[in-house]
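**Student:** Build me a model:
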Amino acid sequence: MTLEEIRTKALEMAEPEFKKFEPIALANTKKILEAFKECQVSDYHFNGTTGYGYNDVGREKLDEVFAYVFKGEKAIVRPHFVSGTHALATTLMALMGNGSNGTEFIYAVGAPYDTMQSVIGSTREVRGSLIEKGFTYTEVPLKDNTYDVKAIANAVNDNTRVVVIQRSRGYSTREPLSVADIKIIVDAVKEKNPKTICFVDNCYGEFTELKEPLEVGADIMAGSLIKNAGGGLAPTGGYIVGRADLVEDAAYQLTAPGLGDHMGSYTPGYRLFFQGLFMAPHVVLQALKGAVYTAAVGELLGYDVFPKVNSNRYDLIQAINLNNGKEMEQFCRGMQAYSPVDAHVHPIPGDMPGYEDKIIMAGGTFVQGSSIELSADGPVRPPYTIFMQGGLVFEHSMLGILGAAEELLKYR
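**Tutor:** Alright, predicted model coming up:
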């Protein structure tokens, strides 16, 4: 097939799927608009502060809005989180370090992200990791490439303080979890040990469904603001939302005991965080359309794709199994050439903090490392899977994936 034939055929394959996402985007936009109205957001909440950040009404209002949207008792939303991993690590360290109910934590759905493996210390010795601090780690393996609820329930015991549920696939080809899946896991955990805390890694999953994990029994969740919830506008940061006492523990971990969420200034102001959240459901819609189109192009090129074009989607990530590391470079080079920033750059594999393998990445984004903007990356290791995500506008996603396809076709 020619590139033009691929473009046309892929759109024919993808367009019927788009209608699934549009009612979800509408409902989530309505939910966020209601939050802004009920919380009485005003333009003075966009103003920045300096120094300690005492009585920072913008920071406090942003927390209030996030708690309302995600149905939590309390939230902390901060530019001071350097990444989603930082927000997750802060939460997990706080949950394990506070309280006497157990010294074990469990990852319920296979291995976590590479960066979280470093936080845990599960694959190598890492200074300051949870294992080094003396906590016990258990990982429940997948069954048939998905979660095994019976094995999860069997793993939970009186010493289990936290069960971590990773919503997205991460760097794997397993299916992401739906909110209904999360409910099944939470119910099984709570039945075995009601005191066990269910903590959801919500990265890449926000606003892909009508409900969020706290609405089905999860105790606390965390995520990144340069993914879904920031709507492509938030310049940095992360969030934690959930049960008030647990979020307060996380706030003490982020700042210091006695300080918690009462301090922390941000001089540039908060407008982009509020505006990004408001835009998020629509931007997620655009990214989901781009992911479906990418799956169609991948199938037409003869690659295995996860998920398939007509599969249900519970996160933004589209995985494509390529044949070797060279094809990963070609894919990223083609996509990078259709980026608004650094289009002249040729991506090559390199070392990144927190990862064992070299990483190849296409990311010509306005916000460095943003994965709600069109980007692709993956560890250069078998089965040579490239993970595409994001896309602020569907038209750009089309151009980017066709650029990647063009580069792959050159070498056939």
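**Student:** Show the secondary-structure elements that the strand or helix carrying residue 20 is packed against.
**Tutor:** Following DSSP states H and E, the helix or strand that holds residue 20 is helix 3-38. Using 3 or more Cβ pairs under 8 Å, 6 or more residues apart in numbering; DSSP states H and E, the elements in contact with helix 3-38 are helix 57-70, helix 271-300, helix 394-410. Glycine gets a C-beta too; all of them are placed from N, C-alpha and C.
**Student:** pLDDT weak spots in the stretch 101-250 of the chain?
**Tutor:** Within the stretch 101-250 of the chain, no range satisfies pLDDT under 70.
**Student:** Specify the residue ranges that define each domain of this protein.
**Tutor:** Domain assignment for the chain, taken from automatic domain parsing, gives 3-27+277-410, 48-269.
**Student:** And the first one, end to end?
**Tutor:** This points to domain 3-27+277-410. Across its full length, domain 3-27+277-410 reaches 11 Å end to end, with Cα to Cα, to the nearest Å as the criterion.
**Student:** Then stretch 315-328?
**Tutor:** Between the start and the finish of stretch 315-328 there is a gap of 22 Å, counting by Cα to Cα.
**Student:** Same question for stretch 356-363.
**Tutor:** From the first residue to the last, stretch 356-363 extends over 20 Å; the measure is Cα to Cα.
**Student:** those strands in this protein, which residues are they?
**Tutor:** Secondary structure of the chain (DSSP state E): strands located at 74-78, 104-107, 136-139, 160-166, 197-201, 220-224, 238-242, 304-306, 318-321, 359-362, 375-379, 385-389.
**Student:** List the buried residues in the third one.
**Tutor:** Judged by neighbour count (16 or more other Cβ atoms under 10 Å), strand 136-139 contains these buried residues: 137-139.
**Student:** Could you point out which of the residues you listed is nearest to residue 406?
**Tutor:** Nearest to residue 406 among these, counting by Cβ to Cβ, is residue 139 at 40.1 Å.
**Student:** sorry, back to before: next, the angle from the helix holding residue 20 to helix 57-70.
**Tutor:** For helix 3-38 against helix 57-70, the angle between stretch directions is 110 degrees (axes from the mean of the first three to the mean of the last three Cα atoms, to 10 degrees).
**Student:** List the residues that contact residue 289.
**Tutor:** Residue 289 is in contact with 14, 18, 21, 391, 394, 397, counting by Cβ atoms under 8 Å, 6 or more residues apart in numbering.
**Student:** Just the pLDDT at it, thanks.
**Tutor:** Turning to residue 289, the model gives it a pLDDT of 98.
**Student:** Next one: it from residue 55, what distance?
**Tutor:** Distance of residue 289 to residue 55, given as Cβ to Cβ, to the nearest Å: 42 Å.
**Student:** ok, now residue 30?
**Tutor:** 32 Å.
**Student:** again with residue 376
**Tutor:** Residue 376 sits at a distance of 43 Å from residue 55 (criterion: Cβ to Cβ).
**Student:** Please name the spatially closest residue to residue 384 (chain neighbours excluded).
**Tutor:** With Cβ to Cβ, 6 or more residues apart in numbering as the measure, residue 322 is the residue that lies nearest to residue 384, at 4.7 Å, once sequence neighbours are left out.
**Student:** how near is that neighbour to residue 377?
**Tutor:** Where residue 377 is concerned, residue 322 sits at a distance of 13 Å (Cβ to Cβ).
**Student:** Could you tell me which residues touch both of these two?
**Tutor:** For the pair residue 322 and residue 377, residues contacting each of them under the criterion Cβ under 8 Å, 6+ apart are residue 386.
**Student:** quick revisit: neighbour count: residue 376 and residue 55, which is higher?
**Tutor:** For the pair residue 376 and residue 55, the greater number of neighbours falls to residue 376 (27 against 9), based on other Cβ atoms under 10 Å.
**Student:** Assess the claim that the more buried one and residue 397 are in contact.
**Tutor:** No: the pair residue 376 and residue 397 fails to qualify as a contact (Cβ atoms under 8 Å) at a distance of 10.7 Å.
**Student:** What's the local residue count around the nearest residue to residue 169 once chain neighbours are set aside?
**Tutor:** The spatial neighbour of residue 169 that comes closest, neighbours along the chain excluded (Cβ to Cβ, 6+ apart), is residue 176 at 5.0 Å. Each residue near residue 176 was counted by other Cβ under 10 Å, and the total is 24.
**Student:** Contact partners for residue 176?
**Tutor:** Taking Cβ under 8 Å, 6+ apart, we find residue 176 in contact with 167-169, 204-205, 313-315, 317.
**Student:** Mind checking which of the residues you listed are buried?
**Tutor:** Looking at the contacts of residue 176 with 16+ other Cβ under 10 Å, the buried ones turn out to be 167-169, 204-205, 313-315, 317.
**Student:** Now compare those residues and name the two farthest from each other.
**Tutor:** When those are compared pair by pair using Cβ to Cβ, the farthest-apart members prove to be 167 and 313, with a separation of 12.1 Å.
**Student:** Report the distance from stretch 55-63 to the chain centre.
**Tutor:** If you compare the mean C-alpha spot of stretch 55-63 with that of the full chain, they lie 24 Å apart, counting by Cα atoms, centre = their mean, to the nearest Å.
**Student:** most centrally placed residue in the protein?
**Tutor:** residue 203 (1.9 Å; Cα atoms, centre = their mean).
**Student:** Which residues are in contact with that residue?
**Tutor:** Contacts for residue 203 (Cβ under 8 Å, 6+ apart) come out as 84, 88, 167-168, 223-224, 227-228.
**Student:** how many neighbours does the nearest residue to residue 216 once chain neighbours are set aside have?
**Tutor:** In space, not counting the residues next to it along the chain, residue 216 is nearest to residue 183; the distance is 3.7 Å by Cβ to Cβ, 6+ apart. Other residues near residue 183 number 17, with proximity taken as other Cβ under 10 Å.
**Student:** For stretch 335-350, which outside residues touch it?
**Tutor:** Outside stretch 335-350, the residues that touch it by Cβ under 8 Å, 6+ apart are 325, 328-329, 332-333, 358-366, 374, 376, 380, 388, 396, 399-404, 407.
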